[in-house]
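J.: The following comprises the amino acid sequence and a computationally predicted model.
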Amino acid sequence: PAVREEQVRVPTLTIAVQGDVPEAVLQAAARHLERRLLRVRGITEAEPSGLRHRQLRIEVDPQRLRASGLSLPEVVQAVTLRTANLAAGATDDGHRQRIVRGLIQANTVNSLRDLVVRPDPDGGALRLGHVAEIHDRYADDGVVARLNGQPAVLLRLHRAAASDSVRVNQAVRREVERVRRSLPEHLVVSTLDDSSLEVSRTTDQLYRSAVYGTILVFIVLWLFLGIRNALWAASGVPIAIAGGLLAMHLMGITLNILSIGTLILSLGILVDDAIVLIENIYRHVEEGASRVDATIQGTREVMWPIIVAAATICAAFVPLLLMTGVLGEVFAIIPKVLVAVLVASLIETFFVLPSHMADFGGLRPSAARTERPLAHERFGRWLTVRYARVLDVCLRWRKTTIAVAFLVFAGVVGGALATKDIVLLVEGDVD
């Protein structure tokens, strides 16, 4: 048995040429556009639909064939010889060799009509037009393309696997605009099924989510650490993202839905290291240490806990690298990007942030905080009072608190398993 792997190829863009014009005009315009689009960088193939090939049809009349004393094989042999593009020999001048080809190929209606089927010894000849009718038409391949009720030719464009669909489709649209100016006025060229539009919408949503996430992270940091410390903690985010993008480039990972989503997922994780470090430095300053001493001592104390915490997060995602097949290649993007970003964040936390905190950190001794508490300090005190009340109730009812926590956890997990189906791929997904 023959085994063949079928691959589903989705076109990046479809170009339609339509209009109530003679078919020859429509076909010529579509072929011209096809040649131009294949020159666009990133386009590897233009798959036509409704583009029929020109065909010279010979209809032999049986009665005239019998009257002339010819047989059908004789007619077939004569047409085959005159329509074949055969080499006539070669010439060699000692330096180069040239192939000689005879230009006797009959490829028009008139040349086929004049094609000699059987020469006459008296000087005449029996020609193909005496025994057959020749028609110039387009081959009927069973495919008819129409768009908005008009005859059309569709060109489904396929791009290279490593190319950017958005940039390639933009280049195709620019080329279409240039070609459109040279086409007859009754022809309309339109674009259909542009896959880059969905990619652009998705990436725009991801970029907006990244901006909103960064703003929310900064607000939370400002409420608890103050404006200056929040700025230093948030400044590590673009540095870590830049490091992650550099690692993605070195690993050959492009900006796609998974990689951008992983970057957004890491936004909240990236500032964890900075928060722990800043808070520990803050504590030493409150105890009366200078900024430089507090930075050195505070960084030294939390260095290994921060590294272990980052390693724990990496360990949770690294098993995705063990997956095989197509899904393994897809999901491998998540741990690669996340680990790269976390490593860049650790470098920024231990080599850049301490210097900033020592020189410009918004740190004040506890005495100064008592005299003139800032807005975020007042908010912290208000939140601490209410948190202490809740904590006091939980500690007085320890067993009840633990039981309620386990019941809530079991209820959430059980409810999810009972009501949600675990589906890896939904109908319509392409393997």
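T.: Yep, it's here.
J.: Could you name the helices and strands sitting against the strand or helix carrying Val211?
T.: Under the criterion DSSP states H and E, the helix or strand holding Val211 is helix 195-225. Where contact means 3 or more Cβ pairs under 8 Å, 6 or more residues apart in numbering; DSSP states H and E, helix 195-225 is packed against helix 165-180, helix 227-251, helix 257-265, helix 267-286, helix 375-396. All C-beta spots, glycine's among them, are computed from the backbone N, C-alpha and C.
J.: Mean neighbour count, distance to Leu327 and mean pLDDT added to these, as a markdown table?
T.: Formatted as a markdown table, those follow (neighbours: other Cβ atoms under 10 Å; distance: least, Cβ to Cβ, whole Å; pLDDT from 0 to 100):
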| stretch | mean neighbour count | distance to Leu327 | mean pLDDT |
| --- | --- | --- | --- |
| helix 165-180 | 16 | 21 | 89 |
| helix 227-251 | 18 | 18 | 83 |
| helix 257-265 | 18 | 12 | 81 |
| helix 267-286 | 21 | 24 | 82 |
| helix 375-396 | 11 | 43 | 81 |
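J.: Relative to His249, how far out is the nearest residue to Ser345 once chain neighbours are set aside?
T.: Distance criterion Cβ to Cβ, 6 or more residues apart in numbering; nearest residue to Ser345, sequence neighbours excluded, is Ala240 at 3.9 Å. Noted for Ala240: a distance of 15 Å to His249, by Cβ to Cβ, to the nearest Å.
J.: do Ala309 as well
T.: 27 Å.
J.: Over to Ala132?
T.: Ala132 sits 66 Å away from His249, going by Cβ to Cβ.
J.: Now find how far off-centre the helix holding Val211 is within its chain.
T.: Helix 195-225 sits 20 Å away from the centroid of its parent chain (Cα atoms, centre = their mean, to the nearest Å).
J.: residues of it that come out buried?
T.: 195-196, 199, 203, 206, 210, 213-214, 217-218, 221-222, 224-225 (16 or more other Cβ atoms under 10 Å).
J.: Let's verify Val21: helix, strand, or coil?
T.: coil (DSSP: H, G, I helix; E, B strand; the rest coil).
J.: check contacts around it.
T.: Shown in contact with Val21 (Cβ atoms under 8 Å, 6 or more residues apart in numbering): 151, 184, 186-187.
J.: switch to 10 Å and redo it
T.: 27-29, 150-151, 183-187 (Cβ atoms under 10 Å, 6 or more residues apart in numbering).
J.: Ala29 too?
T.: 17, 19, 21, 153, 179-180, 182-184, 187, 189.
J.: ok, and the most crowded of those residues?
T.: Val17 (31 neighbours; other Cβ atoms under 10 Å).
J.: Quick one: residues contacting it.
T.: With contact taken as Cβ under 10 Å, 6+ apart, Val17 is in contact with 26-27, 29-34, 48, 50-51, 145, 147, 151-155, 176, 179-180, 183, 187-190.
J.: Apply 6 Å and report the result again.
T.: Residues in contact with Val17 (Cβ atoms under 6 Å, 6 or more residues apart in numbering) are 29-30, 153, 189.
J.: So which of those residues belong to strands?
T.: 153, 189 (DSSP state E).
J.: Redo the contacts of Val17 as JSON lines? Include pLDDT.
T.: Shown next, in JSON lines, are these (pLDDT from 0 to 100):
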{"residue": "Ala29", "pLDDT": "89"}
{"residue": "Ala30", "pLDDT": "87"}
{"residue": "Val153", "pLDDT": "87"}
{"residue": "Val189", "pLDDT": "88"}
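J.: contact partners of stretch 315-334?
T.: Residues from elsewhere that reach stretch 315-334 (Cβ under 6 Å, 6+ apart): 253, 258-259, 262, 335, 338.
J.: again, but for stretch 344-356
T.: Contacts for stretch 344-356 (Cβ under 6 Å, 6+ apart): 232, 236, 239-240, 243-244, 270, 273-274, 277, 295, 299, 310.
J.: mean confidence score for it?
T.: In this model, stretch 344-356 has a mean pLDDT of 87.
J.: Use 8 as the first number for this chain going forward.
T.: With 8 as the first residue, the last one maps to stretch 351-363.
J.: Would you mind listing the buried residues in it?
T.: 351-353, 355-357, 360-361, 363.
J.: Might you calculate how far that stretch sits from the centre of the chain?
T.: On Cα atoms, centre = their mean, the centre of stretch 351-363 falls 33 Å from the chain's centre.
J.: Repeat that for stretch 268-287.
T.: Per Cα atoms, centre = their mean, the centroid offset for stretch 268-287 relative to its chain is 28 Å.
J.: can you list contacts of that stretch?
T.: 216-217, 220, 224, 236, 240, 243-244, 247, 305, 308-309, 313, 341, 344-345, 348, 352, 356, 360.
J.: please redo it, this time with the cut-off set to 7 Å
T.: 213, 216-217, 220-221, 224, 228, 232, 236, 240-241, 243-244, 247-248, 251, 305-306, 308-309, 313, 317, 320, 340-341, 344-345, 348, 352-353, 356, 360, 364 (Cβ atoms under 7 Å, 6 or more residues apart in numbering).
J.: go on, stretch 43-60?
T.: By Cβ under 7 Å, 6+ apart, stretch 43-60 touches 22, 34, 37, 41, 145-146, 148, 150-152, 159-167, 170, 175, 178-179, 182, 186.
J.: Local confidence estimate at Ala95?
T.: Each residue has a pLDDT score; the one for Ala95 is 62.
J.: likewise Lys406?
T.: Predicted confidence (pLDDT) for Lys406: 90.
J.: Please, which helix or strand holds it?
T.: helix 405-426.
J.: gap between that helix and the chain center?
T.: Its chain's average C-alpha position is 41 Å from that of helix 405-426, according to Cα atoms, centre = their mean.
J.: Just the buried positions in that helix, please.
T.: For helix 405-426, it's none, nothing buried (16+ other Cβ under 10 Å).
J.: and the helix or strand containing Gly335, C-alpha only, in PDB?
T.: Following DSSP H and E, the helix or strand that holds Gly335 is helix 332-338. C-alpha atoms of helix 332-338 as PDB (Å, rounded to 0.1, in the frame of the first residue of the first chain):
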ATOM      1  CA  GLY A 332       5.400  16.000  18.300                       C
ATOM      2  CA  VAL A 333       3.700  19.100  16.900                       C
ATOM      3  CA  LEU A 334       2.200  20.100  20.300                       C
ATOM      4  CA  GLY A 335       5.600  19.700  21.900                       C
ATOM      5  CA  GLU A 336       7.100  22.100  19.400                       C
ATOM      6  CA  VAL A 337       4.300  24.600  20.100                       C
ATOM      7  CA  PHE A 338       4.300  24.500  23.900                       C
END
